[in-house]
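Undergrad: Sharing a model prediction with you, sequence too.
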Amino acid sequence: MQTSSSPLVLRGISSMATQALLANLTQIYLVQAGVQVQIESVGGVDAVKRVQAGEAFDMVLLASDAIERLIASGHLQSGSRCDWVRSPVAVAVQAGAAHPDLSNAAAVKAAVLASPTLSYSTGPSGAYLEQLFQRWGIADTVKARIVVPPPGTPVGALVASGRAALGFQQLSELMSLPGIEVLGTLPADVAFITTFSSGIPTVVAGDAAADTARVAAVQSFLQFLASAGVQDVKRKQGMDF
């Protein structure tokens with residue numbers, strides 16, 4: 001249980017897409033509430049595996065579909081899902097490269113077919129793009145051109161190095177990387193927006209059953225993440241709600 005000599009520290013895990021945003025929000029919350037929140041950002045697949053393995057966290061912050069799967073499997077508390085931010089998929093090329101037309105679905109399809117190499121993440125946006133290529137009937141055509149990012153490597157880094165000529169990833173993950181030019185989000189007729197949600201684990205970092213202060217602190221922070229007062233911070237990171 002927390003004591004006056006032991007300051008409250010909350011621990012969570014998130015995917016890389018919200019890393020920069022959470023870094024900003026946890027600092028704001030520390031100033032406002034005096035509570036330190038430590039969020040470890042890793043690949044979404046790895047985050048799910050660690051929660052499933054029973055690693056203790058106070059909160060889990062992942063794409064909504066991953067949160068739902070962890071609730072269904074009993075690793076997160078039923079009814080604990082809270083949507084807190086939405087993130088669009090954007091497209092990038094290496095700095096100085098030609099800018100393909102991405103004004104509509106047909107233009108995006110043409111750009112993909114014309115690109116010698118392309119890359120996308122293994123998260124929700126990547127799954128969506130695979131489905132989109134299947135729907136367009138080009139999945140087999142472009143399969144050999146796809147550069148799969150190694151764990152922990154952002155798609156933008158592959159684009160900046162020239163390993164991928166066209167990169168698709170969350171705008172928040174692309175917008176601050178050097179060596180690339182972000183061409184914008186996917187056009188409206190094929191736009192994809194990932195909703196990120198929070199969930200409270202059934203295995204927690206502290207003795208939450210006995211520590212009412214810790215429970216209240218977790219709930220307060222998650223409410224802060226979803227509050228209207230942090231909308232501008234989200235927009236600066238290429239996200240909204």
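TA: Received it, and whenever you're ready, just let me know what you need. Owing to the predicted nature of the structure, the values given are computational and were not obtained by experimental measurement.

Undergrad: Tell me the buried residues in stretch 77-93?
TA: For stretch 77-93, a neighbour-count test (16 or more other Cβ atoms under 10 Å) marks 80-82, 84-85, 87-93 as buried. C-beta here means a position set from N, CA and C on the backbone, and glycine is covered the same way.

Undergrad: same thing with stretch 131-143?
TA: Those buried within stretch 131-143 under the rule 16+ other Cβ under 10 Å are 132-133, 136, 142.

Undergrad: all strands for the chain, in order.
TA: 9-15, 36-42, 59-63, 82-94, 118-120, 166-170, 180-185, 193-199 (DSSP state E).

Undergrad: Show me the contact partners of the helix or strand bottoming out on mean pLDDT in the chain.
TA: Counting by mean pLDDT, DSSP states H and E, the chain has its least confident helix or strand at helix 171-174, which shows a mean of 92. Helix 171-174 is contacted from outside by 16-18, 20-21, 87-90, 92, 121, 154-156, 167, 180, 182, 185, 237-239, using Cβ atoms under 8 Å, 6 or more residues apart in numbering.

Undergrad: contacting residues around the residue sitting nearest the centre point of the chain?
TA: The residue lying closest to the centre of the chain (Cα atoms, centre = their mean) is residue 17, at 2.8 Å. Going by Cβ under 8 Å, 6+ apart, residue 17 touches 44, 63, 87, 123, 170, 172-173, 194, 196.

Undergrad: do the same with residue 71
TA: 77-78, 80-81, 199.

Undergrad: Adding distance to residue 230 and pLDDT, write these out as a markdown table.
TA: A markdown table is the format used below for these (distance: Cβ to Cβ, whole Å; pLDDT from 0 to 100):
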| residue | distance to residue 230 | pLDDT |
| --- | --- | --- |
| 77 | 24 | 96 |
| 78 | 27 | 96 |
| 80 | 20 | 96 |
| 81 | 19 | 97 |
| 199 | 19 | 97 |
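
Undergrad: got those as JSON lines, with distance to residue 32 columns?
TA: Shown next, in JSON lines, are those (distance: Cβ to Cβ, whole Å):
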{"residue": "77", "distance to residue 32": "25"}
{"residue": "78", "distance to residue 32": "30"}
{"residue": "80", "distance to residue 32": "23"}
{"residue": "81", "distance to residue 32": "24"}
{"residue": "199", "distance to residue 32": "23"}
